[in-house]
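In: Predicted model, plus sequence, below.
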Amino acid sequence: MRIEMEFLGSGTSSGIPTIGCDCAVCMSSNPLNKRLRSSVLFRIGAGDDERRLLVDVTPDVRMQMLRAGVSSIHGVLITHTHADHCHGLDDLRGLYWGGGRVPLELWAYPESLESLKQTFAYIFDADYDYKGIVKLDPHVFDQEPFDLAGIEVLPVQVIHGSMRVAGFRIGECAYITDTNEVPPESIAKLKGVRLLILDALRRAPHPTHMSLPNALETAEKIGCERVFFTHINHDLEHEAINNELPEWARLGYDRLRVAIEEDGTISVTEPAASDLPPPISF
C-alpha cells in the first residue's frame, strides 16, 4: 500500500516570513524559505481508494487545502492544541461540505479534545443551530493503535516542554512535530519506520523543540532511511542547511511530497515552480 506525506506547511508558529522581521531568510526570494504553519496530509492508497488524513488544523489550513487541491478528507488527527496547530478548526467546514456533510472524524488525546471543546464551544454544542459550521465526530486515543477510515494509526507520545504531543505512525511512515524529547519507549514504537518527518526548529538548543543536531541524533536512533525536517524557523536557510546535511536528511518545505511506494521504494516529489509560494514583498 502506498503511503505519502505532503507538507502542507513546514514553518514554526509565526510562519516564515515572520511579521516585522527583515532577516535574510524572511526577506529571501527563494520560495523554499516561505513556510506556512506546520501540518501534513497523509495520502494512503491511490485513485478512488485513496484515504486522506489531515494532521493538525493550522490557521493557514484554508490556503493549504486550496493549493494542495484537496476538497475532502477522511479524518483529522490532532497532535496538540497550541494555536498554530488547531486554530484553523472552523475552516474545516469547507472540507465537511466537500465531503457531503458527513461529520469528520477527529482524533486527539483526551486533554486535547477537552481544550478544543473550550476554545471552539460552538462547534461541539449540539444545540447550536447555525448551519455554517463544521460537524465533527470526535474520538480520543492514548497509547494504543486505532482505526481511522480503515487505516491503522499508531499514536507516539513525545514531550513538548511540559506537555505531551502525539506523533503518528502509519506503516513505515511517521510524523512528529513539536518535541524536545522522544522518550525511549516512543523510539521503540518507531523502530521499523523508514520515512520520517521530524521537528527541527533551529540550530541552537530550545526548551520545547528539537534543535537540528538533536533531530539528526534522534533520526539515527530510530534508524530511518530518510528524514525530512519541519517546524522550521528563520534561523535555517533552506539551501545552506541542506548543503550541510547528510544525504539521507533534508529540510522539508511546503508542497513537498514524500512517499513509500507500493514496491517499497521511497520517492520524493518536488512541486512545479508554479506551485511554490510566490515571493513576498514589503
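Out: Nice, I can see it. Numbers count the residues shown, from 1 in each chain.
In: ok, residue 51 - contacts?
Out: By CB atoms under 8 Å, 6 or more residues apart in numbering, the contact set of residue 51 is 42-45, 74-75, 149-151. For the C-beta atoms, the positions are set from N, CA and C on the backbone; glycine is no exception.
In: switch to 6 Å and redo it
Out: Neighbouring residues of residue 51 by CB atoms under 6 Å, 6 or more residues apart in numbering: 44-45, 74, 149, 151.
In: again, but for residue 90
Out: When contacts are counted by CB under 6 Å, 6+ apart, residue 90 is found next to no other residue.
In: and it, which of the three is it?
Out: The assignment at residue 90 comes out as helix when based on DSSP: H, G, I helix; E, B strand; the rest coil.
In: distance of it from residue 182?
Out: 32 Å (CB to CB, to the nearest Å).
In: just to revisit the earlier point, out of the contacts of residue 51, which is nearest to residue 161?
Out: When those are ranked by distance to residue 161 (CB to CB), residue 151 comes first, at 29.8 Å.
In: show me what contacts that closest one?
Out: The contact partners of residue 151, by CB under 6 Å, 6+ apart, come to 44, 51.
In: same question, residue 187
Out: Applying CB under 6 Å, 6+ apart, we find residue 187 in contact with residue 221.
In: And it, which helix or strand is it part of?
Out: Under the criterion DSSP states H and E, the helix or strand holding residue 187 is helix 184-190.
In: Show me what the mean pLDDT comes to for that helix.
Out: Per-region confidence: helix 184-190 scores 98 on mean pLDDT.
In: Could I get the buried residue list for that helix?
Out: Taking 16 or more other CB atoms under 10 Å as the neighbour-count basis, helix 184-190 is seen to contain the buried residues 186, 189-190.
In: Could you list the paired strands of the helix or strand that it is followed by along with their orientation?
Out: Secondary structure here is assigned by DSSP H and E; on that basis, the next helix or strand after helix 184-190 toward the C-terminus is strand 195-199. In its sheet, strand 195-199 lies beside strand 173-176 (parallel), strand 226-230 (parallel), with partners assigned from DSSP bridges.
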